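Novice: build me a model:
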Amino acid sequence: FSLDLISISLHMHDDLKEMLDSNKDSLKLEAMKRIVAMIARGKNASDLFPAVVKNVACKNIEVKKLVYVYLVRYAEEQQDLALLSISTFQRGLKDPNQLIRASALRVLSSIRVTIIVPIMMLAIKEAASDMSPYVRKTAAHAIPKLYSLDPEQKDQLIEVIEKLLADKTTLVAGSVVMAFEEVCPERIDLIHKNYRKLCNLLIDVEEWGQVVIINMLTRYARTQFLNPNINESLLEEGNTEGKTFYGSDEDEDEDEDEEEKEKKAEALAKRKPYVMDPDHRLLLRNTKPLLQSRNAAVVMAVAQLYFHLAPKAEVGVIAKALVRLLRSHSEVQFVVLQNVATMTIKRRGMFEPYLKSFYIRSTDPTQIKILKLEVLTNLANETNISTILREFQTYIKSMDKDFVAATIQAIGRCATNIGEVRDTCLNGLVQLLSNRDELVVAESVVVIKKLLQMQPEKHSDIIKHMAKLIDNIQVPMARASILWLIGEYCEHVPKIAPDVLRKMAKSFTNEEDIVKLQILNLAAKLYLTNSKQTKLLTQYVLNLAKYDQNYDIRDRARFIRQLIVPTEKSGALSKYAKKLFLALKPAPVLESPFKDRDHFQLGSLSHLLNAKAGGYQELPDWPESAPDPSVRNVEVKESVPEWSKCSAREKRKEKKVEKPFYSDSEGESGPTESADSESDSGSGSESASGSEESGSGSESDEEESDEGSDEEEEEEEPKLTKKKMQEYYYYCYINPCIHICFAVEPAHSPQVTPVNAFMSNSLVTDLEGLSLSDDVLAPATISPSSSMKTFELLHRITGEGLSVEYCFSRQPFSPDANMVAVQIHFTNNSSSDVSNLHVEDAKLQSGMRVKEFPEIEVLAAGDTTTAVMGIDFCDSTQAANFQLCTNSKKFFVTIQPPVGELMRPVFMTENEFKKEQGKDQRQRGKCKAFLL
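Specialist: Residues are numbered from 1 along each chain as shown. Alright, predicted model coming up:
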């Protein structure tokens, strides 16, 4: 049987090996698909490594991609075989396809052999300067791998990280910050020049990159900015010091308190008023929109940033976002509630409006219930305590015993923290002593014991009642608590205490260890206070304990005997027996288990575990004095990275900003363009304004010569004057705060000179071919331009012979004027007919709508047909996703509109245009004031 297994294993995957060795790319592709599928299902495919690695030089791109996927998985296990193909990987780094270059680098960094470290370093440096942002992103991912393989390369890797941190591409930002955190988190100086750029790019970075950047910027901000709550914290310290636990002021301490308050008042008077750094404000402003992210990790990262960095008045914005996450899966709820429980200890007020969101559902897991209970207890105050206690009464009836025990403890904490309801809670807990459930009674006894320590003289009746329960309660902790209470306050129950000791002496040998220890304590206290009645009982109990199996009990018995029963051998310690056993003990303070967790960064694994995890970086303390903010100022450099492709057009934009929209004769009446050209890049725009002017003067001769021709063309065009401007066409693309508008001369001037000043180059390109003559105003006469751009919707190979293209016809869509008309061209390149062409399963963003084209019954082989469908993109450039279906196949396709296709022409007179333009200016002014 074992020989059969060996023979089967030897011949396993022979069919795949034959396919990989064939000359047909189709067979190789099929084999690689099957192998990758095996890996995805968790099956071992390492024995195919020699057969797969031979195909790394295959010319078929699809095969090569799958080969690299396989090699990334097994290169570390089969290092010797992978090294044989290292020259092929190096050639792959020069491949024209960016995916192949990135895959080759990924495989190279997966080979964990120190001998190829120089090759890896050279490959990473080249990839860091690659034209493709995807390859640069892969280079950033390879940096931590190389660092873990050879930490001596740290200095060279830091140079690469510094170069990649200057990258302006959102695709690279998250990956390079992760590499920075892994390799050199202490090099905070690398972040200074890139701080504002990272803040501005944050909204467009992928979700996991956002989490990494936010966590890094949180620690950065704690080292570079002042504490925004420093004055408030000093005031709180001055108000809280000198008070006892219950908040009562003693006359004896008033003089000392007044002196301390005067000193602190003087210190506050000398302190300068706090002014938030603009870069600090930039970080808070740019992270706030991410509270609406669909990714719970991003929301949690922003929440911890605000908790650690924001002024107290602004922290409240995170409460609503965190409450929204409580509708997610139980795992997400657990993490969020852990952090909310910590926040509610110091910032209770921001969650009080959402009290009902923390009410417990019967379907919640036990851990979620206990965490919600913790939050409710932290939020309890004099105003809402009655509501919370009524809620707790319901929870006690639950079948979940752990949850019931936690609820009783929560009632005890509420009674401790809020003196007004202490008697009410105590009476409610006493009523629970008659509950049928023994666990409920036991937990109630433990909590009552702690509450009675605060005012025992007022509650002797409760102590008597609990003494009567000693026969019925069997839970060791509860029995021990009752015995401790009777022994501690035996003077209040002098008749009952000796009888309880008599009963316990009978059952001493059958009790649990914790109960036996409390019986010994009770006997010792009664011997010291009432030796006539309890002397013999005490000696009997001590003799029983002397021969107990547990050495702790034996030692305790010997210690107590020598302490309370004086003999010739007894030392001086026996004189102080009463002070030792009957000393006043402080009342216990019932505190939240989350009280001291805020020294860990919220959202971290260390905070979740309440212990420092491996790789955790401590949250720095606020600096006492503000560091130099000028380190974040960026100088304008003449040299431009290869991949940024900064053309002279962007600099022409900056020059055109200073030109008024109207001619010189209308300079006073017509609004200038300077207001429109202000960017929303935060505080970075202020510091960069001076550098822009100096940079524009230091441009190279080549750029000036390039701009010269464009400026001459602009000067040759006629200026728009009042006489010539008889009518206007007003084009607008409406966003929440942005109106893009421009005026054109009617009739014979379709080209618009000042468009570039208002719109990006991509927008102008989208508007190419849009006729702006008087004839276009009649919807019936609008026809698509001959230069209209077409887009591929379905390739003929993917569509199995069916190819589909689409264009925006720029005609009104007759069924619904709010929809964009999309003209779709179908071509059947196959040898068979295609039937039942229609649209199904449209997956749209909120607010978007689709009007499908009528079903095409038959499209004969070689024929072409056209259909028109309408799409309401809801004033956004989000894609419309749907399925294009035939009688036998379904193809997933996507239509994404360029910005220019979302604009529509509106006819208006000169006065109407000026009125709209005035509204537009006021709107921008409000937006700018809000941002400031």
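Novice: and the most centrally placed residue in the chain, how close does it get to Ala321?
Specialist: For the chain, the residue sitting closest to the mean C-alpha position, by CA atoms, centre = their mean, is Val298 at 1.8 Å. The spacing between Val298 and Ala321, counted by CB to CB, to the nearest Å, is 10 Å. Any C-beta I mention is one placed from the backbone N, CA and C, and that applies to glycine too.
Novice: so what sits against both of those two?
Specialist: With CB atoms under 8 Å, 6 or more residues apart in numbering applied, the contact sets of Val298 and Ala321 do not overlap.
Novice: give me the three-state assignment for Leu796.
Specialist: Residue 796: Arg, not Leu. Assigned with DSSP: H, G, I helix; E, B strand; the rest coil, Arg796 falls in the coil class.
Novice: now for it: which residues touch it?
Specialist: Counted by CB under 8 Å, 6+ apart, Arg796 has contacts 802-803, 827, 829.
Novice: local confidence estimate at it?
Specialist: Arg796 is assigned a pLDDT of 82 by the prediction.
Novice: report the contact partners of the residue nearest to the centre of the chain.
Specialist: Contact analysis of Val298 by CB under 8 Å, 6+ apart lists 207, 210-211, 214, 290.
Novice: any idea how this structure splits into domains?
Specialist: Listed domain ranges for the chain are 10-193, 791-895 (source: the TED database).
Novice: looking at the ones you listed, which is nearest to Met504?
Specialist: Across the domains of the chain, Met504 has its closest neighbour in domain 10-193 (60.3 Å, CB to CB).
Novice: can you give me the offset of that closest one from its chain's centre?
Specialist: Remark: domain 10-193 is offset 28 Å from the chain centroid, using CA atoms, centre = their mean, to the nearest Å.
Novice: so where's the stretch 101-250 of the chain shaky on pLDDT?
Specialist: 232-250 (pLDDT under 70).
Novice: go again with 50.
Specialist: Within the stretch 101-250 of the chain, the stretches with pLDDT under 50 are 234-250.
Novice: the helices in it, which residues?
Specialist: Secondary structure of the stretch 101-250 of the chain (DSSP state H, counting those that start in this stretch): helices located at 117-128, 133-149, 154-165, 170-183, 189-192, 195-201, 207-224, 230-240.
Novice: pipe those helices into JSON lines and attach distance to Leu379 and mean neighbour count per row.
Specialist: Formatted as JSON lines, the helices of the stretch 101-250 of the chain follow (distance: least, CB to CB, whole Å; neighbours: other CB atoms under 10 Å):
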{"stretch": "helix 117-128", "distance to Leu379": "51", "mean neighbour count": "18"}
{"stretch": "helix 133-149", "distance to Leu379": "42", "mean neighbour count": "21"}
{"stretch": "helix 154-165", "distance to Leu379": "42", "mean neighbour count": "18"}
{"stretch": "helix 170-183", "distance to Leu379": "35", "mean neighbour count": "23"}
{"stretch": "helix 189-192", "distance to Leu379": "38", "mean neighbour count": "16"}
{"stretch": "helix 195-201", "distance to Leu379": "33", "mean neighbour count": "21"}
{"stretch": "helix 207-224", "distance to Leu379": "26", "mean neighbour count": "21"}
{"stretch": "helix 230-240", "distance to Leu379": "19", "mean neighbour count": "13"}
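Novice: sorry, back to before: could the contacts of Val298 be laid out in CSV, adding distance to Gln878?
Specialist: Below are those laid out as CSV (distance: CB to CB, whole Å):
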residue, distance to Gln878
Glu207, 17
Gln210, 19
Val211, 23
Ile214, 24
Leu290, 18
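Novice: of all those, which two lie farthest apart?
Specialist: Every pair of the contacts of Val298 checked by CB to CB; the farthest is Glu207 and Ile214, at 10.8 Å.
Novice: isn't Leu226 right next to Ala626, touching?
Specialist: Yes - the criterion here is CB atoms under 8 Å, and Leu226 meets it with Ala626 at 5.1 Å.
Novice: those two - which one has more neighbours?
Specialist: Leu226 (17 against 13; other CB atoms under 10 Å).
Novice: now do that one against Leu379, distance only.
Specialist: Relative to Leu379, Leu226 is positioned 30 Å away (CB to CB).
Novice: Thr790 now?
Specialist: 60 Å.
Novice: between those two, who's got more neighbours?
Specialist: Leu379 (19 against 11).
Novice: tell me where the chain has strands.
Specialist: 727-732, 791-794, 802-812, 820-828, 834-843, 849-851, 856-859, 864-872, 880-885, 890-895, 904-909 (DSSP state E).
Novice: CA atoms only: put the second one into CSV for me.
Specialist: This means strand 791-794. Extracted in CSV, the C-alpha atoms of strand 791-794 (Å, rounded to 0.1, in the frame of the first residue of the first chain):
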residue,chain,number,x,y,z
PHE,A,791,-14.2,54.3,-25.9
GLU,A,792,-13.9,50.5,-25.9
LEU,A,793,-16.5,48.8,-23.8
LEU,A,794,-15.9,45.2,-24.7
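Novice: so that it lines up with my notes, have the first residue be 36 from now on.
Specialist: Understood, numbering begins at 36; the last thing we discussed is strand 826-829.
Novice: list of residues touching that strand?
Specialist: Residues outside strand 826-829 that contact it (CB under 8 Å, 6+ apart) are 837-842, 859, 919, 926, 928, 930.
Novice: for Tyr255, state which of these is nearest.
Specialist: The closest of these, once distances to Tyr255 are taken by CB to CB, is Ile930, at 41.4 Å.
Novice: pLDDT weak spots in the chain?
Specialist: Using pLDDT under 50, the flagged stretches of the chain are 36-45, 269-289, 673-820, 961-967.
Novice: if we go to 70?
Specialist: For the chain, the stretches with pLDDT under 70 are 36-47, 267-307, 491-493, 602-607, 670-822, 955-967.
Novice: Gln114: neighbour count?
Specialist: Residues near Gln114, counting by other CB under 10 Å: 15.
Novice: OK, contacts around it?
Specialist: Here Gln114 is in contact with 146-148 (CB under 8 Å, 6+ apart).
Novice: possible to save those residues as CSV with neighbour count?
Specialist: As requested, these are exported to CSV (neighbours: other CB atoms under 10 Å):
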residue, neighbour count
Ile146, 23
Arg147, 14
Val148, 16
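Novice: between the residues you listed, which is closest to Asn321?
Specialist: Nearest to Asn321 out of those is Arg147 (CB to CB; 38.7 Å).
Novice: list the contacts for that closest one?
Specialist: By CB under 8 Å, 6+ apart, the neighbours of Arg147 are 111, 114, 184.
Novice: from Leu233, how far off is the second one?
Specialist: When you say that, I think you mean Gln114. In this view, Gln114 and Leu233 are 37 Å apart by CB to CB.
Novice: over to Val666?
Specialist: Distance from Val666 to Leu233, by CB to CB: 15 Å.
Novice: ok, Asp548 next?
Specialist: Separation of Asp548 from Leu233 (CB to CB) stands at 60 Å.
Novice: for Thr899, same thing?
Specialist: 50 Å.
Novice: tell me who's in contact with Thr929.
Specialist: 914-916.
Novice: make it 10 Å
Specialist: 828, 878, 914-917 (CB atoms under 10 Å, 6 or more residues apart in numbering).
Novice: by neighbours, which of these wins?
Specialist: Ala915 leads these on contacts (other CB under 10 Å) with 22 neighbours.
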